[in-house]
Each structure stands twice: as structure tokens, then as C-alpha cells.
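S.K.: Using only what follows, build the 3D model:
(4 chains)
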There are 2 protein chains.
Amino acid sequence: MVTIYDVAAKAGVGMKTVSRVLNNEAHVRPAMKDRVMKAIDELGYRPNLAARQLAASRSFLITFILSDVFSSYQTSMLVAASTECRLRNYHLVVEVRDQDETAERLVERVTANLRPDGIMLVPPLCNDAAIVRAIESKGTRLVRVASTLSGYGDIVPVRDTDVSHEMVAHIAATGKSRIALIAPPFDKAAASERVTGYRSALADARLPYRADYVVKGDFTFASGKAAAEQLLALPEPPDAIFATNDAMALGAMAAARQIGLDIPRDIAIAGFDDSPGSRTMYPPLTTVRQPIPGMARNAISVLLGHADALEELVPELIIRGSTQPGAAAEVHGEDM
Amino acid sequence: MVTIYDVAAKAGVGMKTVSRVLNNEAHVRPAMKDRVMKAIDELGYRPNLAARQLAASRSFLITFILSDVFSSYQTSMLVAASTECRLRNYHLVVEVRDQDETAERLVERVTANLRPDGIMLVPPLCNDAAIVRAIESKGTRLVRVASTLSGYGDIVPVRDTDVSHEMVAHIAATGKSRIALIAPPFDKAAASERVTGYRSALADARLPYRADYVVKGDFTFASGKAAAEQLLALPEPPDAIFATNDAMALGAMAAARQIGLDIPRDIAIAGFDDSPGSRTMYPPLTTVRQPIPGMARNAISVLLGHADALEELVPELIIRGSTQPGAAAEVHGEDM
DNA sequence: ATGAAAGCGCTAACAC
DNA sequence: GTGTTAGCGCTTTCAT
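M.R.: Purely as a prediction, here's the structure:
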């Protein structure tokens, strides 16, 4: 094993100098730096993380807590966060919340022996007040992506209002006039940006807002299917449904299909997330692509204290065949 | 910070004794053990991983390398592996293979400063010979799940032949007689267990094996769609398609849908993996559920040297509406 | 079966 | 700017 001593000896300098070079600290003469770098290269020296952790009492680790309920959104975030960590010489540790594990136990075990420098939470866990409080009590840094909850930790926001407005405007532009919404489960659904965008677009298109056209779901396929069944059973059923995530939109598609409706002729359907499933339907689902890599980048930046240069992120409307006949028949299929 | 010294002092023993208790080593009198445990509890002592790593030169870390191409299979494995690690006081670090990153660079960076005690690879990366060789050259322990490639590292096998046979037998039992196969991309496709099961089931059902009914795919939606288009354009098209994974099966469903075929009446379709997408289709996809938690458990066991008690694992046939009208209309929808 | 002492490879604090 | 000296909190010899 090549240690920092060997490098120091080879370069003919003290070991603190090597350490300075390794950590990109200031006050190192370029010539010195080169000499050290050369020695590092020639020796094939690799710093030992455990030793750095112990001496610096930093772990260079970020913990990402995954809920036990799957979503492609979560895993996309995970992948993006891992990629981001690597660019900063950090590593991402995954911990999965066990079913019926209390928030306290979860946070305790995640925090106890690994001592991550920070924890990253995405929906739905980032909206779990007990978890957030437990992390606060441990004093571990926390970043929460797209959280609808205030409280401990930095929050990386997403602006969903405009793109939701755009979505509903697009649907209206295809000639639909009875556009229903499958809303998020939040108590005050009106607080959701996606709902706000829906309402403002209706107003812009001079379409009436009808309370019976808004049904809450809980972001699952089953809830979307149930909501759509309810909507389609209305005396005057909608001719379009905007579901606030893809899983619910797929549920709505299944409900429509089951009673023999043609999509999008009889009923247009749109979702939100650009999940793999949205691309492997026929017709493929019109949806919104979140700027996930950027969100993860922002999250890790915040966690590591570089909150200065956060990116401005804009979700993107993806129009496909479920709202526009003939649109984007050639969707990229990904292995899923 | 409570250290092992504090515990030793409080319990009135030497620190090696505390260490022995913590590591479940032999030669500790029960009374002694209790005394130490009590002190640990009262002090709320938590071992410091970094210090253990440094002293023991073990990291208590397993690295899971994710390919940049998504699959629910991969992420299910990841989750299961993380859960399994936690039960053994290990932690799972995720690293994502960058596009156009060489195998050597990938393994170098994954191995260099974190020094995981083992690496876990699942398809498709576990079949990348260059990566396997690079890991071998680092001397890091490796376990590969369901690999079709021999070479360095332990392999956790899956037995797909029987369930594939069962699948094709099921399709034949529904009255279909022209059953096509979308095969894996492997060079010698006949080497695949799924293909073997297909052929033996055809033989059992006294159905002819037709070379024009077997088309290779590459496990993506697009390849499945293309393969199905080719099959459906045959002078005598098949009345059923068994795709060797779900993504390709969904591609086949899209192809069938596009030309107005009814599933399963005109064409039955089945997949393999029980991916989230298989459950959010209408009709839901008949498929095979792999025993993923067990596979992950076996993989981590092997990696940690407990290769003794490996579980015998059996994949499960999941019959749904895409092959059997009226079957399982009520599929669990998961958020995806 | 238990204890004492010596590091593991690095960074922090300070001296120069 | 650069070098020296102490540890970080554990496990590992090796005594006893």
C-alpha cells in the first residue's frame, strides 16, 4: 500500500504539503504542486478514504433514503445524485426505508455508524415530517427535493405551474373542452403548482372550472384508474384527463381502454414525470419531463455548501400520441 | 462523542473486551458481555465506522454498479441488496457507469478510495467481460447475478428453464398454436434457459418449432416492437408471442395495438420480469416474477463468505389478461 | 479469558 | 509557504 509518507519521501517534501495538494488548499507553490503530483502519479498513490474520514471527521458520503414504494422518479434521482457525487469525490450510499420502520429508527440507523455528511430526500419521503424532525435532531445536513413541506433542511424547489399551464393549454388547443384533473393527495390540493397551472390555463382558454372534474389521487396507478372511472361515469364525462403524475395517467388509460374508448379520440390523457412506462404505452403518453439531473445537481450543491450557483431549471412538455394523434409515434424505448 | 474508551471505563474493563463484544468474537464470558452491553446502552455508544475501517482494513461497504441504461430489474436488485446489507451491518454504495467510460476507469474509480469489500453486478453489466477482468485485476471480491458469462467472481444463478416452459405450456393451453419467441441477444441464443424452456414446451405440446417464429431482440422496448412487427408481417403470423423480457413484450403490445389487433384474442403476449410497466398496461401483461429479494440475499451472502446456506429460488409465473381473457383484471398498481 | 501497547493513513494545529 | 507533532477511534498483536 502506497501511503502519503511514500509520496512525501519521493517528492522530498513534508507530508502536510502532500495533503495540501491533495485537498486543493491554497498556499502551495505551483512548482511544489507539480513535484507532488508527479510523485503521486509515479507511485500510483490513492488516498485512503477511511483514514481521511477519521482524521477529518467527515465521511465524504451522502445518504439517499429510498422509500419502499417504488417510483422511476426516485430511481432517476438516485442515479443523477450518484453521478453528481462522483464529480465531487463523494459517494452515495443507499438506504431503504423498511416497511413499518419508525422514522426514528430509520434515521438512527442511517446516521449512526456511517455518519454521512448529508442526507438527500425526494418525494415521498421528503414530505414525511417525522423523518425530517428525526434528522434535525441528529444535526445531520439535509436537502429535500421538491418538498411541499416546510421545516428543517434546505429545499430544492421545482416550478411546475408554468408547464402545467402549458400542458392544459396544449390539450385545449387540440380541441378538447372538458378537461378533467386527477389531482395530488395534498390536503389543500389548491396549494399544488400543478393544480394552479391547470386552473389558470382553463381560465385562459375560457373554459369553466368544474369541481366535479377534479378528483384526488394518491399518485398510484390504482388511484388513477379509480379516479378516471369516477370521471368517465359522470353524466357529462370529460373528453380529456390531465393526471398529475404518470402512474395515475396510466391508470386512467387503463380505465378508458377497459370501456373501449379510443385514446386520444374519445379521451385525451396526459401525465407528469416522463416515466419509462409513459414511453412504452400505445399510444405513448403525453407528459412532462422534469429536469432531474439538474435537480440532483442542485441538491448536492446545496448539501455541500455551494448554494451560490444553483441552476434555474425548467420542466419540459413532451407531446405524444395520447393527446395528439400521429404525434411522436417513434418514442425511444428504454429497457425497463 | 462517546468512544470505546468511555465504554471500557464505564464497564470497568479493557477496551479489547469491548471490541470483542462488539464484534461478537468468541471467548467472552456472558457476564462480561452483559456488563459491556449495559455500558454501551447507557452511554448510547455508536461505533465509528471510519475508525473500524482504518484499523481493520475492511470497509463494510459493498459497491453496486448500475448501468446507465435503466431497468426496473436493476433497481429492484439494488433495493433488495441494500436491504440485505443493512441486516448484516454493511452499507451499499451506488456507482453509475458513465456513458463512454472505459471499464478500466470505471473499476479504478469505484475501487480506489472507497475500497469496498465487494462489488455486486447484475445484468447487463455482469456480462461485460472487460469490467469483470478489471475487477479481477484489482483483486476485489465480486458477485455476479444471473450472468451468462463465466470468469472471475462468484455467480448467483437463476433457473429460468422450467418457468419458461411453464409459460409456453400455459399459452398453448389457452388454445394458441402458433407461438413465437422474441429471444435474447446472446450469440448462441439456444444457450439461453428461456429459449430452452420455449423449445421443450413446444415439443411437449406437439407444436412444431419454426425458425421464422424466433426473432432476437436486445431487451429494449424498441427491439421488441421491431421484432413483433416482423413476426406479424409473416404470411402466417403467430397467434401468441413470448418475449424474454417485459420491455420487449411491451414493444410487442404496442406493435399489435398499432395495427388494431386485440390482445389476447388476436394475439396473446407474455413477458418476463414482472416490471412495473407490466402491471400498468391494459390488459396487464402475463409475465414471470423473479425471486429478486432471494437473489440479492444470495449474492450478498456469497460476497460476505457465507456461501454455505444459499437459498433455492424459483421464479413464478404470473398469469394476467394479456394471455388469458378475464384473468387478474385487478392488478396491484404501484407508483412508477 | 482479558489487558496493554502499537499502529491503521490521514489531517489539524501549530511552529518555523 | 512548508514542516513537525499529535492525535482521530478503532483493531491487532502479544502478554498475561
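
S.K.: pLDDT value on the spatially most central residue of chain A, please?
M.R.: The centre of chain A sits closest to residue A:77, judged by CA atoms, centre = their mean, with a distance of 4.4 Å. What the model reports for residue A:77 is a pLDDT of 96.

S.K.: What strand or helix carries it?
M.R.: helix A:72-87 (DSSP states H and E).

S.K.: Now the element after that helix, going C-ward?
M.R.: strand A:91-96.

S.K.: That next one packs against which elements?
M.R.: Applying 3 or more CB pairs under 8 Å, 6 or more residues apart in numbering or on different chains; DSSP states H and E, we find strand A:91-96 packed against strand A:61-66, helix A:72-87, helix A:103-111, helix B:72-87, strand B:91-96. All C-beta atoms are positioned from the backbone trio N, CA, C, and that covers glycine.

S.K.: right, and those - which one's nearest residue A:182?
M.R.: Closest of the helices and strands packed on strand A:91-96 to residue A:182 is helix A:72-87, at 16.5 Å (criterion: CB to CB).

S.K.: got a list of what the residue in the stretch 201-336 of chain A that DNA strand D sits nearest to touches?
M.R.: Closest to DNA strand D within the stretch 201-336 of chain A is residue A:304: 21.8 Å, counting by CB to the nearest atom of the strand. Taking CB atoms under 8 Å, 6 or more residues apart in numbering or on different chains, we find residue A:304 in contact with A:88, A:90, A:117, A:118.

S.K.: Please give me every residue in contact with the last one.
M.R.: Pointing back at residue A:118 there. A:62, A:63, A:140, A:141, A:142, A:143, A:303, A:304.

S.K.: Format these as a markdown table; extra columns: secondary structure and distance to DNA strand C.
M.R.: Listed next are the contacts of residue A:118 as a markdown table, based on DSSP: H, G, I helix; E, B strand; the rest coil; distance: CB to the nearest atom of the strand, whole Å:
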| residue | secondary structure | distance to DNA strand C |
| --- | --- | --- |
| A:62 | strand | 18 |
| A:63 | strand | 21 |
| A:140 | coil | 18 |
| A:141 | coil | 17 |
| A:142 | strand | 22 |
| A:143 | strand | 22 |
| A:303 | helix | 18 |
| A:304 | coil | 15 |
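
S.K.: How is chain A partitioned into domains?
M.R.: Domain assignment of chain A by automatic domain parsing yields the ranges A:4-56, A:61-156, A:161-289+A:315-334.

S.K.: In terms of mean pLDDT, which of the ones you listed ranks lowest?
M.R.: domain A:4-56 (a mean of 87).

S.K.: Check whether that one comes near DNA strand C.
M.R.: Yes: counting by CB under 7 Å from any atom of the strand, contacts between domain A:4-56 and DNA strand C involve A:4-5, A:15-16, A:18-19, A:22-23, A:45-48, A:51-52, A:54-56.

S.K.: which of the residues you listed count as buried?
M.R.: A:4, A:18, A:19, A:22, A:45, A:47, A:48, A:51, A:52, A:54 (16 or more other CB atoms under 10 Å in any protein chain shown).

S.K.: now, which of those lie close to chain B?
M.R.: Checked against chain B using CB under 8 Å from any CB of the partner chain, those yield the following neighbours: A:47, A:48, A:51, A:54.

S.K.: Show me which of those is closest to residue A:72.
M.R.: Nearest to residue A:72 among these, with distances taken as CB to CB, is residue A:47, at 35.5 Å.

S.K.: who's in contact with that closest one?
M.R.: A:4, A:22, B:113.

S.K.: possible to save the residues you listed as CSV with distance to residue A:107 and secondary structure?
M.R.: Formatted as CSV, the contacts of residue A:47 follow (distance: CB to CB, whole Å; DSSP: H, G, I helix; E, B strand; the rest coil):
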residue, distance to residue A:107, secondary structure
A:4, 35, helix
A:22, 32, helix
B:113, 27, coil
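
S.K.: which one among those residues gets closest to residue A:82?
M.R.: residue B:113 (15.3 Å).

S.K.: Let me see the backbone angles for residue A:286.
M.R.: With angles defined as degrees, to the nearest 10, residue A:286 sits at phi -70, psi 140.

S.K.: check contacts around the residue nearest to the centre of chain A.
M.R.: A:64, A:122, A:145, A:292, A:295, A:296.

S.K.: So which of those wins on neighbours?
M.R.: residue A:122 (29 neighbours; other CB atoms under 10 Å in any protein chain shown).

S.K.: how near is that one to residue A:79?
M.R.: Distance, residue A:122 to residue A:79, by CB to CB, to the nearest Å: 12 Å.

S.K.: Return a PyMOL selection command for the buried portion of the contacts of residue A:118.
M.R.: Here is the PyMOL selection string for the buried members of the contacts of residue A:118, based on 16+ other CB under 10 Å:
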select buried, chain A and resi 62+63+140+141+142+143+303+304
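
S.K.: nearest to residue A:106, of the contacts of residue A:118?
M.R.: residue A:63 (10.7 Å).

S.K.: okay but residue A:156 is in contact with residue A:145, surely?
M.R.: Yes: Residue A:156 is within contact range of residue A:145, at 4.8 Å (criterion: CB atoms under 8 Å).

S.K.: what comes up buried for stretch A:184-198?
M.R.: A:184, A:189, A:192, A:193, A:194, A:195, A:196, A:197, A:198.

S.K.: so which helix or strand takes in the fifth one?
M.R.: Which is residue A:194. Going by DSSP H and E, residue A:194 is part of helix A:193-204.

S.K.: ends of stretch A:100-119, how far apart?
M.R.: 21 Å (CA to CA, to the nearest Å).

S.K.: Give the residues shared as contacts by residue A:156 and residue A:145.
M.R.: Common contacts of residue A:156 and residue A:145 (CB under 8 Å, 6+ apart): A:295, A:299.

S.K.: which bits of chain A sit near DNA strand C?
M.R.: Residues of chain A lying near DNA strand C (CB under 7 Å from any atom of the strand): A:1, A:3-5, A:15-16, A:18-19, A:22-23, A:45-48, A:51-52, A:54-56.

S.K.: and with 6 Å instead?
M.R.: Residues of chain A lying close to DNA strand C by CB under 6 Å from any atom of the strand are A:1, A:3-4, A:15-16, A:19, A:22-23, A:47-48, A:51-52, A:54-56.
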